[in-house]
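Engineer: give me a 3D structure for the following:
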Amino acid sequence: MKTILCYGDSNTWGYNPLNGERYQREVRWTGVLARELGNDYDVIEEGLNGRTTVWDDPIEGYKNGKEYLIPCLETHRPLDLVVLMLGTNDLKVRFSLSAYDIAQGVGVLVDIIRKSAAGPGGSAPQVLLIAPPPVARLSEFAEMFEGAAEKSRRLAQHYQAIAAQYGCAFLDAGSVIVSSDVDGIHFDPPEHRKLGLAVAQRVRELLG
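Structural biologist: Residues are numbered from 1 along each chain as shown. All right, here's what the predicted structure looks like:
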């Protein structure tokens, strides 16, 4: 059996923009992924609302993706693949980050995974780096994410460069899905399904 860790934020957790509750597992892209791959794969969901790449959140706290990554890898090893999709929360005004800096933050996480011994036989797991889709029309999060839409459109090119730098696989989620017009940040159910199918295809290419 192949083991896949999906490490991300609220869109990996399955945040429903209509009510703030969690989608059912079969709706979440990770659940779609698990169903598509079948019984030969174990898909582990590690989504946290508000999770950043490497930044401490002075308001929400305990959201730094770097701080939990190594314990998470150790908890779930051996891992064949880590699917990494973070960066949307780094767009918040409070962090004052460029798209380039956000990509550099996610690069730190890729480097940690690639240098770990969390894969089979003490090797490093493979990594699939996903650039989150651009931010859409903002509503309740408009002030929190002021200016995020423009920066978010530049994330994919920088993430692709990071993937090339560290020799990992890459997927531009913005080429597959769009963020919800309900809040501009999260995904509607049809987009979860499309993303899950796209990730499943990449997983098959990577793991066979």
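Engineer: look at the residue sitting furthest away from the middle of the chain and report its pLDDT.
Structural biologist: Within the chain, Gly121 marks the point farthest from the mean C-alpha position, 25.6 Å out by Cα atoms, centre = their mean. Listed pLDDT for Gly121 reads 97.
Engineer: name the SS class of it, please.
Structural biologist: Per DSSP: H, G, I helix; E, B strand; the rest coil, the secondary structure class of Gly121 is helix.
Engineer: next one: phi and psi at Thr52?
Structural biologist: Backbone torsions of Thr52, given as degrees, to the nearest 10, read phi -100, psi -180.
Engineer: do I have it right that the residue farthest from the centre of the chain meets Pro78?
Structural biologist: Yes: between Gly121 and Pro78 there is a contact at 7.4 Å, judged by Cβ atoms under 8 Å. From N, CA and C alone the C-beta is placed, and that goes for glycine too.
Engineer: pull the longest helix along the chain out as PDB, backbone CA atoms only.
Structural biologist: Assignment by DSSP state H gives helix 189-207 as the longest helix of the chain. Taking Å, rounded to 0.1, in the frame of the first residue of the first chain, the C-alpha atoms of helix 189-207 are listed here in PDB:
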ATOM      1  CA  PRO A 189     -18.000  21.100  -4.200                       C
ATOM      2  CA  PRO A 190     -17.500  20.800  -8.000                       C
ATOM      3  CA  GLU A 191     -14.000  22.300  -7.700                       C
ATOM      4  CA  HIS A 192     -13.100  19.900  -5.000                       C
ATOM      5  CA  ARG A 193     -14.000  17.100  -7.300                       C
ATOM      6  CA  LYS A 194     -12.000  18.400 -10.200                       C
ATOM      7  CA  LEU A 195      -9.000  19.000  -8.000                       C
ATOM      8  CA  GLY A 196      -9.200  15.500  -6.500                       C
ATOM      9  CA  LEU A 197      -9.300  14.000 -10.000                       C
ATOM     10  CA  ALA A 198      -6.400  16.000 -11.200                       C
ATOM     11  CA  VAL A 199      -4.300  15.100  -8.100                       C
ATOM     12  CA  ALA A 200      -5.200  11.400  -8.600                       C
ATOM     13  CA  GLN A 201      -3.900  11.500 -12.100                       C
ATOM     14  CA  ARG A 202      -0.600  13.100 -11.000                       C
ATOM     15  CA  VAL A 203      -0.300  10.500  -8.200                       C
ATOM     16  CA  ARG A 204      -0.600   7.600 -10.600                       C
ATOM     17  CA  GLU A 205       2.100   9.200 -12.800                       C
ATOM     18  CA  LEU A 206       4.400   9.500  -9.700                       C
ATOM     19  CA  LEU A 207       3.700   6.300  -7.900                       C
END
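Engineer: tell me what the residue nearest the centre of the chain is bridged to.
Structural biologist: Compute the mean C-alpha point of the chain, and by Cα atoms, centre = their mean the closest residue is Met85, 1.4 Å away. On the basis of DSSP bridges, Met85 is bridged to Gly8.
Engineer: appreciated, that's everything.
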